[in-house]
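>>> sequence plus predicted model, see below.
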Amino acid sequence: YTGFRHAGVELIYMLTGEVVYRHGDQTYHLRSGDSLLFDSEAPHGPETLLERPMTYLSIIVYARDSG
């Protein structure tokens, strides 16, 4: 399991394969066509690759600096 942690909100959109994806203390079984939106400050990342190749699109949105 890869524990990424960073500011922002993240959207994962599964393109191919199947994975168990961890966010904090929760896991999600994701397949091609599934999506997951979450606060990316909690530890997150692929935990178990179930079907390869596994690819996903990751979009991260950061708060705009008001200064």
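Cool, the structure landed. Numbering: from 1, shown residues only.

>>> contacts, neighbours, all on C-alpha from now
Fine.

>>> go ahead and flag the most central residue of this protein.
The centroid of the chain falls nearest to I12 when counting by Cα atoms, centre = their mean (4.7 Å).

>>> which positions within stretch 38-50 qualify as buried?
Buried residues in stretch 38-50, counted by 16 or more other Cα atoms under 10 Å: D39, S40, A42, P43, H44, G45, P46, E47.

>>> local confidence estimate at the nearest residue in space to the fifth one that is not next to it in sequence?
Distances taken as Cα to Cα, 6 or more residues apart in numbering put H23 closest to H44, at 4.3 Å, once the chain neighbours are dropped. Here, the pLDDT recorded for H23 equals 97.

>>> H23 and D65: what is the separation?
Between H23 and D65 the distance is 26 Å, computed by Cα to Cα, to the nearest Å.

>>> compare these two (neighbour count), which wins?
Shown here are H23 and D65; by other Cα atoms under 10 Å, H23 has more neighbours (21 against 5).

>>> contacts only, for that one.
Neighbour list for H23: F38, A42, P43, H44, G45 [criterion: Cα atoms under 8 Å, 6 or more residues apart in numbering].

>>> again with M14
L30, R31, S32, G33, D34, S35, M54, T55, Y56, L57.

>>> low-confidence stretches in the chain?
1, 67 (pLDDT under 70).

>>> strands along this structure, start to end?
Counting by DSSP state E, the chain has strands at residues 9-23, 26-31, 35-39, 44-61.

>>> which residues does E10 bridge with?
F38, I60 (DSSP bridges).

>>> was I right to think H29 contacts G17?
No: applying Cα atoms under 8 Å, one finds H29 not in contact with G17, separated by 10.9 Å.

>>> neighbour count winner among the two?
G17 (17 against 13).

>>> ok, the more buried one to E10 distance?
19 Å.

>>> with L37 instead?
6 Å.

>>> repeat for S58
Per Cα to Cα, S58 is found 7 Å from E10.

>>> when the two are compared, which one has more neighbours?
Just comparing S58 and E10: by other Cα under 10 Å the higher neighbour count belongs to E10, 18 against 13.

>>> to T2, which of the strands of the chain lies closest?
T2 lies closest to strand 44-61 among the strands of the chain, at 5.1 Å (Cα to Cα).

>>> thank you kindly, that will do.
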